[in-house]
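K.L.:
I need the structure of the sequence given here:
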Amino acid sequence: MCSIFGVLDIKTDVKALRQQALQLSKLLRHRGPDWSGVWNNDNAILVHERLAIVDTENGAQPLINDNRNHILAVNGEIYNHKQLEKELAAPYPFKTKSDCEVILPLYLEHGTEFIDKLQGMFAFILYDAEQNRYLIARDHIGIIPLYYGYDEHGQLFVASELKALVPVCKQIKEFPPGHYFDSKIGELRKYYKRDWMSYDAVKDNPASLTELKSALEHSVKSHLMSDVPYGVLLSGGLDSSLTSVIAQQFAKRRVEDNDQSEAWWPRLHSFAVGLAGSPDLVAAQKVADAIGTVHHTVHFTVQEGLDSLRDVIYFLETYDVTTIRASTPMYLMARKIKAMGIKMVLSGEGSDELFGGYLYFHKAPNAKEFHEETLRKLDRLHMFDCNRANKAMSAWGIEARVPFLDKEFMDVAMRLNPQA
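P.N.:
Below is the predicted model of the structure:
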């Protein structure tokens with residue numbers, strides 16, 4: 001998990017502002033401990049703290065095109081980048097194998113219209129020096145965090161976490177998921193729109209378990225794109241068990257070259273966390289034994305949880321009690337995962353919201369209200385479960401990927417008729 005930091009619409013001394021930007025970005029370095037990069041001119045500053053997962057040798061950011069007039073800082077993963085590269089209308093001289101570099105030629109060819117083509121999780125700032133124009137965007141559901149604010153001079157600050165904006169901004173807002181801001185237009189616009197956001201579009205649909213299974217398998221496989229060791233979070237519940245068993249099916253071959261070569265790290269490691277005697281740990285071990293992962297059980301005590309609360313609140317940037325309660329064991333587990341040299345994990349966030357997995361869904365009076373409640377839960381997910389998974393893991397420099405929230409999988413799942 002990386003971080004981005006930007007200063008735009010610059011009105012003060014850029015030399016002093018550049019030094020300030022570097023110091024503020026340093027507050028986000030836990031997210032990207034592998035490398036730091038900065039670019040600026042008199043109108044914009046982009047800073048990037050990198051967690052190297054894809055193209056570890058050449059993928060440092062900000063990424064710059066050949067003409068050196070389009071500059072890009074991205075936090076995230078674009079899982080369909082190879083397909084997007086094939087669909088480009090004109091050849092493009094890629095400088096890296098980074099999955100994010102494809103954003104530069106897409107912008108060149110399509111302007112802002114390319115954003116919904118991106119299959120992945122992301123938050124980015126793209127600065128067009130030729131037009132003194134900038135484009136800011138966040139993924140469809142808010143898997144990756146992004147915030148913005150203005151200082152006393154009216155300069156725009158953008159960052160992956162609040163803590164980098166608090167020292168300079170009078171007011172801070174969350175950049176909304178599924179939106180972009182084009183300075184040429186001057187307003188936030190929503191790009192993520194789906195037919196299934198209306199119950200009338202799904203009420204007569206069938207339900208194909210075969211299609212659903214295939215979509216989830218495709219999602220999990222695409223999320224295994226990695227040049228570093230990875231693992232799975234396995235609680236023993238249905239959602240994490242499904243992602244783990246599918247990941248195990250594909251772990252022996254390298255996803256990056258379409259299964260043409262053996263995986264660099266063919267043994268899949270799974271992780272579970274809990275208090276001693278927790279039934280979840282027993283269930284997780286049973287699943288791990290059944291699917292053959294190298295399983296690691298992380299125990300923590302109540303006192304260790306209490307001792308970590310201040311740190312959890314600092315990294316999660318929330319006082320929401322439910323989020324903090326769920327984040328504390330995840331935060332403690334992340335440290336153990338980091339100690340093993342693993343930099344990416346799959347997690348099961350989103351499944352309960354997609355499929356009505358919470359107990360109170362059983363009381364839904366009809367299919368329409370069931371569907372509309374899943375929409376409400378998904379719309380708020382960026383404030384809770386996505387925030388928890390992203391920041392609890394990135395506190396220790398680990399990237400959490402969430403296959404259930406893959407855009408194509410969500411389309412399949414949410415178009416199911418709840419009564420079918």
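K.L.:
any buried residues in stretch 283-297, and which?
P.N.:
Residues Ala283, Ala284, Gln285, Val287, Ala288, Ile291, Thr293, His295, His296, Thr297 are the ones in stretch 283-297 that count as buried (16 or more other CB atoms under 10 Å). All C-beta atoms are positioned from the backbone trio N, CA, C, and that covers glycine.
K.L.:
Arg253 and Pro177, how far apart?
P.N.:
In this view, Arg253 and Pro177 are 33 Å apart by CB to CB, to the nearest Å.
K.L.:
out of those two, which sits in the busier spot?
P.N.:
Of the pair Arg253 and Pro177, Pro177 is the one with more neighbours under other CB atoms under 10 Å, namely 23 against 17.
K.L.:
quick one: contacts for the more buried one?
P.N.:
Going by CB atoms under 8 Å, 6 or more residues apart in numbering, Pro177 touches Arg138, Asp139, His140, Ile141, Gly142, Tyr192, His382.
K.L.:
again, but for Leu405
P.N.:
Leu405 sits in contact with Met121, Ile141, Ile143, Glu349, Gly350, Leu381, Cys386, where contact means CB under 8 Å, 6+ apart.
K.L.:
same check on Thr243?
P.N.:
So Thr243 contacts Val220, Val232, Leu346, Ser347, Gly348, Pro403, Phe404 (CB under 8 Å, 6+ apart).
K.L.:
next, format the residues you listed as CSV and append neighbour count.
P.N.:
CSV is the format used below for the contacts of Thr243 (neighbours: other CB atoms under 10 Å):
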residue, neighbour count
Val220, 25
Val232, 30
Leu346, 25
Ser347, 26
Gly348, 24
Pro403, 28
Phe404, 24
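K.L.:
pick the one among those closest to Thr374.
P.N.:
The closest of these to Thr374 turns out to be Phe404 (CB to CB; 12.3 Å).
K.L.:
name the SS class of the closest one, please.
P.N.:
What DSSP: H, G, I helix; E, B strand; the rest coil gives for Phe404 is helix.
K.L.:
now it: how far from Ile143?
P.N.:
Distance from Phe404 to Ile143, counting by CB to CB: 11 Å.
K.L.:
could you do Met121 as well?
P.N.:
Using CB to CB, one gets 4 Å for the distance from Met121 to Ile143.
K.L.:
quickly list what's touching both of those two.
P.N.:
Gly76, Val402, Leu405.
K.L.:
in the stretch 1-150 of the chain, which spans are strands?
P.N.:
Ranges of strands in the stretch 1-150 of the chain, per DSSP state E, counting those that start in this stretch, are 3-8, 35-40, 44-50, 63-64, 70-78, 120-128, 133-138, 147-150.
K.L.:
and the first one, which strands flank it?
P.N.:
Here strand 3-8 has these sheet partners by DSSP bridges: strand 44-50 (antiparallel), strand 156-159 (antiparallel).
K.L.:
for the residue nearest to Asp352 when sequence neighbours are not counted, grab the count of nearby residues.
P.N.:
Using CB to CB, 6 or more residues apart in numbering and skipping the chain neighbours, the partner closest in space to Asp352 is Tyr358 (5.5 Å). Using other CB under 10 Å, the number of residues around Tyr358 comes to 12.
K.L.:
go on, the one 10 residues further on?
P.N.:
One way to gauge burial is a neighbour count; for Lys368, by other CB under 10 Å, it gives 15.
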